[in-house]
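Enquirer: attaching a predicted model along with its sequence, questions to come.
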Amino acid sequence: MFDVVYKFLASLGYTHPIHPTEVHMPIGLVVGSFIFAFVAVIFKRPQLKEAVKYCIILAFIWVFPTMLFGYMDWQHFYAGAWLFPIKVKIPLAFTLLILLGIAIIVRRKKGAGSIPALVLYTLCFMVVVVLGYFGGQLTYGTRAASIPAEFKTGEKLFKANCSACHPNGKNAIIPNLPIVGSDKLASFDTFLAFVRNPKLPNGKSGPMPKFMPSKLADKQLKKVYEYIVNELAKGSK
């Protein structure tokens, strides 16, 4: 359903997820409201309470498109797979939305510097920190040791497109079907055919999306393959 949007963006040269471009807005606004509120109280700067008001309102508004784009990216790039970071991020996103709504009401009734309001700003801040952490986990996975320069491109492509579902060459969705040790690595042609049209051992389609040439060209997949067989597989032993 969302493919039209991503195809249009790809035609403009944009092939990355949309969610990261939006998520900085509510996170930054929540952090700003948290800082402004405590500075206003501690240093008696009442004018900053107005900044808190607008930060909280804008953060609440911006959460909606951020969540929408997050859902779209999840469906498009991860085929709706229930990865652990996703399981954490979704309820936290709704929690943040609820806390921001309550914070707006409390600020209006009791003031931006009231104890209940400060508690709510703190809770919102804590939620966005955890959201940021798991967003980083989803995007970058676990940091790995330095690898030879010839495999750096493959490593970057793997982390950008594969590591969320296949951290360290494993399989977060179907644990008994890891990348490392798979017969799909027997040759590049075998790997390429599988990535273009992935199937489960029983021949049925699984949760892994098809990586078409418009997403990753053969040359790019060659780099991914070389990284997997020369570095990722070696590091897992």
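Expert: That came in fine, so what should we check first? Numbers count the residues shown, from 1 in each chain.

Enquirer: what residue is smack in the middle of this protein?
Expert: The chain has residue 135 as the residue nearest its centroid, 4.1 Å off, counting by Cα atoms, centre = their mean.

Enquirer: what ranges does the protein have for its helices?
Expert: 3-11, 19-42, 48-78, 84-110, 115-140, 152-161, 188-196, 218-227, 233-235 (DSSP state H).

Enquirer: next, give phi and psi for the residue of the chain most remote from its centre.
Expert: Relative to the centre of the chain, and counting by Cα atoms, centre = their mean, the farthest-placed residue is residue 44 at 38.2 Å. Per-residue torsions, residue 44: phi 50, psi 60 (degrees, to the nearest 10).

Enquirer: quick one: it and residue 188, what's the gap?
Expert: Distance, residue 44 to residue 188, by Cβ to Cβ, to the nearest Å: 67 Å. C-betas here are computed from N, CA, C, even on glycine.

Enquirer: over to residue 157?
Expert: In this view, residue 157 and residue 188 are 14 Å apart by Cβ to Cβ.

Enquirer: those two: which is more packed in?
Expert: residue 157 (18 against 15; other Cβ atoms under 10 Å).

Enquirer: skipping its backbone neighbours, what lies nearest that one in space?
Expert: residue 224 (5.0 Å; Cβ to Cβ, 6 or more residues apart in numbering).

Enquirer: wait, isn't residue 212 in contact with residue 198?
Expert: No: applying Cβ atoms under 8 Å as the test, residue 212 and residue 198 come out as separate, 11.7 Å apart.

Enquirer: which one's more surrounded, those two?
Expert: Between residue 212 and residue 198, counting by other Cβ under 10 Å, residue 198 is the more crowded of the two (16 against 11).

Enquirer: great, nothing more from me.
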